[in-house]
Structures are given as structure tokens and as C-alpha cells.
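Visitor: Structural data only, the sequence is not supplied:
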Ligand code: ADP
């Protein structure tokens, strides 16, 4: 229980960390996106205002210059009281003399009450600036108009071109608000998404974690039993130091049995660990049932017959398969060993094959005790034994079928069990046939 609660705390912490990092990633993404969108909106607004101002500046500066001694008929005066049709609507023009006195008071009309608060600051010449007067925002530029300018109103004076930008400022502000609100909403959505993403992505980790812990626990448990027996037998023999070996044959042979059990268990564990780490190297070769099925099962005939059981072999298909013969041999040993173990005397063990579409199937059937439907799936799990007490006697650890399943999976095949009527079970192994094109 303690271990479990500690594990779930670690899992929860891990989940929380993952959640935070997803949220942080979303926040960084949204902020960057927001800043880029906002900046480009703001700068394009300012650009269009500055373009207007620039038009004004050039229209003021680029009027033909008058030669001082030229008084010909073509000399035309531009009446600055007539507004330039191209001039932006909200533009105001302030003309200052060298001393900073406002010269075009009359042309400003009622705007004068606001604009009179603006002083000439010669330092800002040719710099675009944003000025705030009476809570009104203006984008402005100060230029010095040449004395030769043909408009006497401007000639030789400082001209401050001001463009009211309250509307633009308001739309920037609105845009900023909309952006903030929509990003907040999206962030909340991201929060929910992140929560589920975290949950989903943690599922396989939690599952494999649990499996790993279970596997280690089971393995330790399986190792402990034979070790305890060996320890007991050795301690017992120590209490009889004067006995001859022949007198203590029983504890010695029991210990040896347990040692061989330990041996097979560690080999099985090693096999499974290698499958898990995908470090098992398979030696695939093109081969036929005659070589990977018929040959390896020959020795089984004698073993099975010696136990007063019948062994029938009906292998007559001849497809080509790509497989690792040693691994398939290991698979056959597991299945035939089980069939023999769980079939009583006078029972029949049969191996036969068939072709199903593009798959080659071989079936190992027995007339033994059979397997209940509930256990049919579970028996391929690690350390699963239908009847624990009985199987300890028969020497199994419940790892055989788990290894069998891995071997078949490594061959892109499948393995399943079905009932053999009227009693017993059938293990079906399905492997892909190699087609020669
Ligand atoms: P074990 O080493 O215990 O045989 P396996 O993984 O090979 O482990 O098998 C798991 C369990 O499946 C066995 O303990 C047994 O209960 C059941 N089983 C396997 N093969 C057969 C079979 N041919 N007939 C009945 N039960 C079987």
C-alpha cells in the first residue's frame, strides 16, 4: 500500500510537471504570436500616419523656389489659406518664427485654444514625435522651411505639422483589448487541452510502470521460494556434519532440483528483459516447415511416448517463411512442454498445420484439462498460472507463454488458444508467409 501511494504521488508530480510545461509552452506561443500581431498592427498604423505627414512635408518643401530678383508673370503665389486637397483631414500646421512665436494663429480657428499650448522645440527638428496636448494625441514633425520657399507664410519659418491620431490610438487600444481577451480565452482552452493531453500521455507510462513493479515483485517472489528451500536443506545438513553424502541424498537432490529451477527462471527472466529492451537479435532466414517444425519436434516423440501419451504429427504444408529457427524451436518447446504437462496419461498431443490466406498456421492440440474462457487471455501474461499450487509442483513459473507471445510478436505473427473438443486446448500460432515475387 505504502509503495502504491508513493508511486501515485510521484506519478501525480510527474503529471503536474508535464502539465506545467505544456501550459508554459502554450503561453510562450501565444505571447510571441500576440506580440508579433500587435507590433505589426501598431507599426502599420504609425506607418500610414507617418506617410500622411511625409506627404505634407514634401508638399510644403517641394514648391518651386523663387529667385529673389524674379518677378515675371509666371510667378504664382500659393495661397496657403486654401487647404491642400490631399492634406489629411485631421492635420494642423503651426508656423513659428525663429523666436518661437506662433504666426498662423488666425488660420487655426477654434483649434487654437488647444494648440496654443505647444511650444517650439528646435531640438526636435525633422524627428517624428508623438505629442499629447489636453489629452489629445498628435503625431508631429517639425521642419525648417527654406527662405526661398514660394509660400511667404512658411518661408524661413519653422513649421510643425501635426496629425491628430486619437482615432488610431483608440483602435490600437481596442485591438490590444481584443487580443488580450481572446488570448485569455484561448489560454483557458489550452489549459483544458493540456490537462487531457497530460492525462493521456501519462497513461502508457503509468501502465508500464505498474507492469514493471509487478514484474519485479513477482520475479523476487519466484526467486525467493527455491532459495529458501536450498537454504533450509543446507542448514539441515550442517546440523549433521558426520553424515555421509549417500545418507543425505534427499536434501541434496531437492537442492539440485531447486538450483535447476532457479536456472531456468533466470534464463526466462533474461529472455523477457531482452525482449523488453528490444536487444534480442533474431537471425531471420528463409525456411520451410520441414526444417523449423518437423526437425525440432522429433525428440519430443520419445519423451511424450515414454509418458504413455500419444504424439501425432500432421505437417504437410510447404510454404516458405522468414523466421529465426532457434526462436521457433524455443516456442515449440514451450508449447509442447505445456501440452505434455497438462495432459494426463493416455491423452493425445497433436501438431498439425494449415494455410489461411497469406498466413501459415500450426496448431498444437492436447486432450488435457483445457483452459477456461476467463483464463484464455490471462495465461499469456507474465507469471500467470491457472492453479498456482499445482504448477509449482510441475515446475512452471508462468513465464513460458509470455515468452512464446513475444517470440511470435517478433515474427509479426499471432498466438491464441481455443478449446479442443470434447476436451483439451489448442494453441494456434499464425505466421506470415514469405511470398516470392
Ligand atoms: P507454466 O510454466 O506455469 O506452464 P506458462 O506461461 O507456460 O507457465 O503457462 C501459463 C499457464 O497456462 C499454466 O500455468 C497453465 O495453467 C496454463 N496452461 C498452459 N498451457 C496449457 C495447456 N496446454 N493446457 C492447460 N493449461 C495450460
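Guide: In hand now; what should we look at? Bear in mind that the values here come from a model prediction, so they are computed numbers and not experimental data.
Visitor: Phi first, then psi, for residue 280.
Guide: Torsion angles at residue 280 (phi, psi; degrees, to the nearest 10) stand at phi -70, psi 120.
Visitor: And residue 422, by the same measure?
Guide: Reported as degrees, to the nearest 10, the phi and psi values for residue 422 are phi -80, psi -20.
Visitor: That one: how many residues sit nearby?
Guide: Neighbourhood size, residue 422 [other C-beta atoms under 10 Å]: 7. Glycine gets a C-beta too; all of them are placed from N, C-alpha and C.
Visitor: Neighbours of residue 304, how many?
Guide: Around residue 304 there are 21 residues (other C-beta under 10 Å).
Visitor: where's it relative to residue 288, distance?
Guide: 24 Å (C-beta to C-beta, to the nearest Å).
Visitor: what does residue 303 give?
Guide: Residue 303 is 25 Å from residue 288, where distance means C-beta to C-beta.
Visitor: same thing with residue 350?
Guide: Residue 350 is 20 Å from residue 288, where distance means C-beta to C-beta.
Visitor: So for these two, which residue has more residues nearby?
Guide: residue 350 (18 against 14).
Visitor: Hmm, residue 315 and the more buried one touching each other?
Guide: No: under the criterion of C-beta atoms under 8 Å, residue 350 makes no contact with residue 315, lying 10.6 Å away.
Visitor: In the stretch 101-250 of the chain, what residue spans correspond to helices?
Guide: 105-108, 112-115, 166-238, 249-276 (DSSP state H, counting those that start in this stretch).
Visitor: closest to residue 30 out of these?
Guide: Taking C-beta to C-beta, helix 166-238 is the member of these nearest to residue 30, at 5.0 Å.
Visitor: does the ligand sit close to that closest one?
Guide: No: Helix 166-238 stays out of contact with the ligand when judged by C-beta under 6 Å from any ligand atom, the minimum separation being 10.5 Å.
Visitor: by how many degrees do that helix and helix 249-276 diverge?
Guide: Between helix 166-238 and helix 249-276, the angle comes out at 160 degrees (axes from the mean of the first three to the mean of the last three C-alpha atoms, to 10 degrees).
Visitor: Summarise which helices and strands helix 166-238 is packed against.
Guide: Identification of packing neighbours for helix 166-238 by 3 or more C-beta pairs under 8 Å, 6 or more residues apart in numbering; DSSP states H and E yields helix 2-61, strand 136-144, helix 249-276.
Visitor: pLDDT wise, what is residue 132 at?
Guide: Per-residue confidence at residue 132 stands at 88 (pLDDT).
Visitor: for residue 281, same thing?
Guide: pLDDT, read off for residue 281, is 84.
Visitor: what do you get for residue 257?
Guide: Note on residue 257: pLDDT of 92.
Visitor: could we number from 52 for the rest of this?
Guide: With the count now opening at 52, the last piece we talked about shows up as residue 308.
Visitor: tell me the contacts of it?
Guide: Not one residue lies near residue 308 by C-beta atoms under 8 Å, 6 or more residues apart in numbering.
Visitor: And for residue 464?
Guide: Listed by C-beta under 8 Å, 6+ apart, the contact partners of residue 464 are 410, 480-483.
Visitor: How is the nearest residue to residue 375 once chain neighbours are set aside assigned, secondary-structure-wise?
Guide: Spatial nearest neighbour of residue 375, excluding adjacent residues (C-beta to C-beta, 6 or more residues apart in numbering): residue 333 at 4.1 Å. The three-state label given to residue 333 by DSSP: H, G, I helix; E, B strand; the rest coil is coil.
Visitor: any idea how far residue 333 lies from residue 292?
Guide: 51 Å.
Visitor: Looking at those two, which one has more neighbours?
Guide: For residue 333 versus residue 292, the count of surrounding residues by other C-beta under 10 Å is larger for residue 333: 13 against 6.
Visitor: Could you verify my assumption that the more buried one touches residue 461?
Guide: Yes: using C-beta under 8 Å, residue 333 is in contact with residue 461, at 5.9 Å.
Visitor: between the two, what contacts are shared?
Guide: Residues touching both residue 333 and residue 461 (C-beta under 8 Å, 6+ apart): 375, 378.
Visitor: State the distance from residue 335 to residue 109.
Guide: 80 Å.
Visitor: what about those two, which has more around it?
Guide: residue 335 (15 against 10).
Visitor: what's around the residue lying closest to residue 227 once chain neighbours are set aside, how many residues?
Guide: Among residues not flanking residue 227 along the chain, residue 89 sits closest, at 6.4 Å (C-beta to C-beta, 6+ apart). Residue 89 has 15 neighbours, counted by other C-beta under 10 Å.
Visitor: Let me know whether residue 89 touches residue 226 as I believe.
Guide: Yes: counting by C-beta under 8 Å, residue 89 touches residue 226, with 7.1 Å between them.
Visitor: who's in contact with the residue nearest to residue 227?
Guide: By C-beta under 8 Å, 6+ apart, residue 89 lies in contact with 226-227, 230.
Visitor: Most neighbours of all those residues, which one?
Guide: residue 230 (17 neighbours).
Visitor: list the contacts for it?
Guide: 85, 88-89.
Visitor: I'd like those laid out as JSON lines, including pLDDT and distance to residue 197.
Guide: Written out in JSON lines, the entries for the contacts of residue 230 read as follows (pLDDT from 0 to 100; distance: C-beta to C-beta, whole Å):
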{"residue": "85", "pLDDT": "91", "distance to residue 197": "46"}
{"residue": "88", "pLDDT": "93", "distance to residue 197": "42"}
{"residue": "89", "pLDDT": "92", "distance to residue 197": "40"}
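Visitor: Among the helices and strands packed on helix 217-289, which comes closest to the ligand?
Guide: For those, the distance to the ligand is smallest for helix 300-327, at 8.5 Å, taking C-beta to the nearest ligand atom.
Visitor: For the very next helix or strand once past that closest one, name the packing helices and strands.
Guide: Using DSSP states H and E, the helix or strand that follows helix 300-327 towards the C-terminus is strand 336-338. Packing contacts for strand 336-338, counted by 3+ C-beta pairs under 8 Å, 6+ apart, involve strand 372-374.
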